[in-house]
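[1] sequence below, structure please.
(2 chains)
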Amino acid sequence: MSDFLLNPWPWYVAGPLISLVMFALIIGGKTFGVSSNLRTICSACGAGKISSFFDFNWKAQTWNLIFIFGTLIGGYIAQNYMSNDTPITLANHTVEELNSLGINTDNPVYVPKELFELSDNENLILALMLLSVGGFLVGFGTRYAGGCTSGHAITGLSQLQVGSLIAVIGFFIGGLLITHFILPIIF
Amino acid sequence: MKRLYFLFWGIIFGIVLIKSEVASWFRIYEMFQFDSFHMYGVIGSAVISGIIIIQLLKKSNVKSIEDRDLEFEDKEFLPKKYLFGGTIFGLGWGLTGACPGPMFALLGAGYYSILIAIFFAVLGTLAYGVLKDKLPH
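    Reported below is the predicted structural model:
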């Protein structure tokens, strides 16, 4: 049992658990959607003064801020108490592609050092650009689309929403463009 | 008590994102290379079990923890909004390897540089709110 908890979890455990979280939020009278919190944070910081889009009763969304604070705690627990530091086993072709970009895959954990390490990184400027531009696009795009992976790919598709299917197709258009055309150019 | 309920499910969500490697930049890259079934399995099995859960809930008389009827609203059908917004989000997902949920799980796991992405995600959301009326929907 403890081996199961410590080793990486297979997809058929993770997928149903994610829908269980969605179920728990529906029973809680809420909707599963993480990116709404970004809008709530804007509103809580007073952005209602510059755009009516942020002029709403953000305190009614406190439950969702508590939820993502829980997600943060969950990340801490999983990393520190439920891990045996098994490296991620990536597909051979992925490893070849990453190595040809100059990204180290000797002992892959969650993020590549080349892109996330802020000290002792000769790619520091590139890493900062990638995190800031990427983060900006995530925030802009997710609100434009009205949801992210949790709101559209999980909740929307589970409710058979055609709009969510279009959004998920968009997610892939964007991701494929980056992976196949942009990353090879910037590395 | 209700706060603890949402905190608890947030913790479960964070644990799942880290333990299943969904929060891994490498896994997202691999997904966009179509090299592994893992991410498709996670999302696919979540959606299939999600469809079953929603259908059962719609047929049942289950009430929320506040004893209200459950609501399932259809999203407005705005193809341009979903396609343009989704594509822009996808560009960011491909770069950072993290959608909003995993960003917070990674921060908790100690990958502090993701805080830069979170900060700029809030700025991106702010920019959308300001430009909203000028964009095609």
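[2] C-alpha from now on. contacts and neighbour counts both.
    Noted.
[3] ok, now which ones touch the residue most central in space within chain A?
    Nearest to the geometric centre of chain A sits residue A:149, at 7.6 Å (C-alpha atoms, centre = their mean). Neighbour list for residue A:149: A:168, B:99 [criterion: C-alpha atoms under 8 Å, 6 or more residues apart in numbering or on different chains].
[4] tell me, how many residues neighbour residue B:130?
    For residue B:130, the tally of surrounding residues (other C-alpha atoms under 10 Å in any protein chain shown) stands at 16.
[5] pLDDT at the nearest residue to it once chain neighbours are set aside, what is it?
    Distance criterion C-alpha to C-alpha, 6 or more residues apart in numbering or on different chains; nearest residue to residue B:130, sequence neighbours excluded, is residue A:51 at 5.7 Å. At residue A:51, the predicted lDDT confidence score is 96.
[6] hmm, residue B:129 and residue A:51 touching each other?
    Yes: the pair residue A:51 / residue B:129 is scored as a contact, 6.3 Å apart, by C-alpha atoms under 8 Å.
[7] between those two, which one's more packed in?
    residue B:129 (22 against 17).
[8] could you find the closest non-adjacent residue to residue A:162?
    residue B:77 is the one closest to residue A:162 (C-alpha to C-alpha, 6+ apart), at 7.6 Å.
[9] repeat for residue B:51
    Residue B:51 sits nearest to residue A:158 (C-alpha to C-alpha, 6+ apart), 4.3 Å away.
[10] could you give the number of residues near the one you found?
    Using other C-alpha under 10 Å: residue A:158 sits among 23 other residues.
[11] please verify my assumption that it contacts residue B:56.
    No: Residue A:158 is not in contact with residue B:56 according to C-alpha under 8 Å; the separation is 11.8 Å.
[12] okay, and the common contacts of these two?
    Counting by C-alpha under 8 Å, 6+ apart, nothing touches both residue A:158 and residue B:56.
[13] packing partners for the helix or strand harbouring residue B:17?
    Counting by DSSP states H and E, the element that carries residue B:17 is helix B:2-19. For helix B:2-19, the packing partners by 3 or more C-alpha pairs under 8 Å, 6 or more residues apart in numbering or on different chains; DSSP states H and E come out as helix A:11-27, helix A:62-81, helix B:100-109.
[14] mind putting those helices in CSV, distance to residue A:35 and mean neighbour count included?
    As requested, the helices and strands packed on helix B:2-19 are arranged in CSV below (distance: least, C-alpha to C-alpha, whole Å; neighbours: other C-alpha atoms under 10 Å in any protein chain shown):
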stretch, distance to residue A:35, mean neighbour count
helix A:11-27, 14, 22
helix A:62-81, 10, 23
helix B:100-109, 6, 26
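[15] could you say which one of the ones you listed comes nearest to residue A:34?
    helix B:100-109 (5.8 Å; C-alpha to C-alpha).
[16] in the chain, which spans are helices?
    As the question left the chain open, I've gone with chain A. Ranges of helices within chain A are A:2-6, A:11-27, A:36-44, A:62-81, A:92-101, A:113-116, A:124-145, A:157-158, A:162-177, A:183-186, based on DSSP state H.
[17] hmm, I had chain B in mind actually
    Using DSSP H, helices in chain B cover B:2-19, B:25-32, B:38-59, B:79-96, B:100-109, B:114-131.
[18] list the contacts of the nearest residue in space to residue A:154 that is not next to it in sequence.
    In space, and not counting its chain neighbours, residue A:154 is closest to residue B:47: 5.5 Å by C-alpha to C-alpha, 6+ apart. By C-alpha under 8 Å, 6+ apart, residue B:47 lies in contact with A:15, A:19, A:153, A:154, A:155, A:157, A:158.
[19] wait, the third one sits on residue A:164?
    When you say that, I think you mean residue A:153. Yes: the pair residue A:153 / residue A:164 is scored as a contact, 6.6 Å apart, by C-alpha under 8 Å.
[20] what about these two, which has more around it?
    Ranked by neighbour count (other C-alpha under 10 Å), residue A:153 and residue A:164 place residue A:164 first, with 31 against 23.
[21] so who does the more buried one touch?
    Contacts of residue A:164 by C-alpha under 8 Å, 6+ apart are A:152, A:153, A:156, A:157, B:82.
[22] taking helix A:62-81 as reference, get the angle to the helix holding residue B:17.
    40 degrees (axes from the mean of the first three to the mean of the last three C-alpha atoms, to 10 degrees).
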